[in-house]
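**Student:** Structure for the following, please:
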Amino acid sequence: MLMRKPMAKKINATRKQTHVHEFEGSTKLAEQGADRHNHRFAGVTGQVIRVGNSHVHEIDLTHTDFLNHFHNLKKIRTGLAIPVGNGKHVHFVKGMTTLNDGHVHQFNFATLIQQPLV
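**Tutor:** Below is the predicted model:
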């Protein structure tokens, strides 16, 4: 039997790779009484989306941590770049999760700096 070598997926060469940011955070508490809870999440933003002289990133996270249900962070946009020195920056993010189990969670957090070791 002839085994074929897997082919690498081609990357669109016309689109320049920019940078992304790691992030992690926790939602705010939702519900009342014994059901009061929050969720944790972590991930990596999408590439740069130019806005004027700055940029934002999109966050599309499929699941928060599990507590008998999940929430998604879908099509969330960061704020503009916030300089933190040495040519580095972060972004502030504010939003709301998707509805699940009859409730949503609000969240706000800052991304980590881009390329921390470079």
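
**Student:** And stretch 54-68, what's buried?
**Tutor:** 55, 56, 57, 59, 61, 64 (16 or more other CB atoms under 10 Å). Any C-beta I mention is one placed from the backbone N, CA and C, and that applies to glycine too.

**Student:** Quickly list what residue 25 is bridged to.
**Tutor:** residue 41 (DSSP bridges).

**Student:** What's the local residue count around it?
**Tutor:** For residue 25, the count of nearby residues is 18 (other CB atoms under 10 Å).

**Student:** Quick one: residues contacting it.
**Tutor:** Going by CB atoms under 8 Å, 6 or more residues apart in numbering, residue 25 touches 40, 41, 42, 93, 107, 108, 109.

**Student:** Mark which of the residues you listed are buried, thanks.
**Tutor:** Buried, going by 16+ other CB under 10 Å: 41, 93, 107, 109, out of these.

**Student:** The second one: what's it in contact with?
**Tutor:** So that's residue 93. Counted by CB under 8 Å, 6+ apart, residue 93 has contacts 23, 25, 59, 76, 78, 79, 107, 108, 109, 110, 111.

**Student:** quick one: the residue nearest to residue 88 when sequence neighbours are not counted from residue 78, how far?
**Tutor:** Here the nearest residue to residue 88 in space, its sequence neighbours aside, is residue 113; by CB to CB, 6 or more residues apart in numbering that works out to 4.5 Å. Note on residue 113: its distance to residue 78, by CB to CB, to the nearest Å, is 13 Å.
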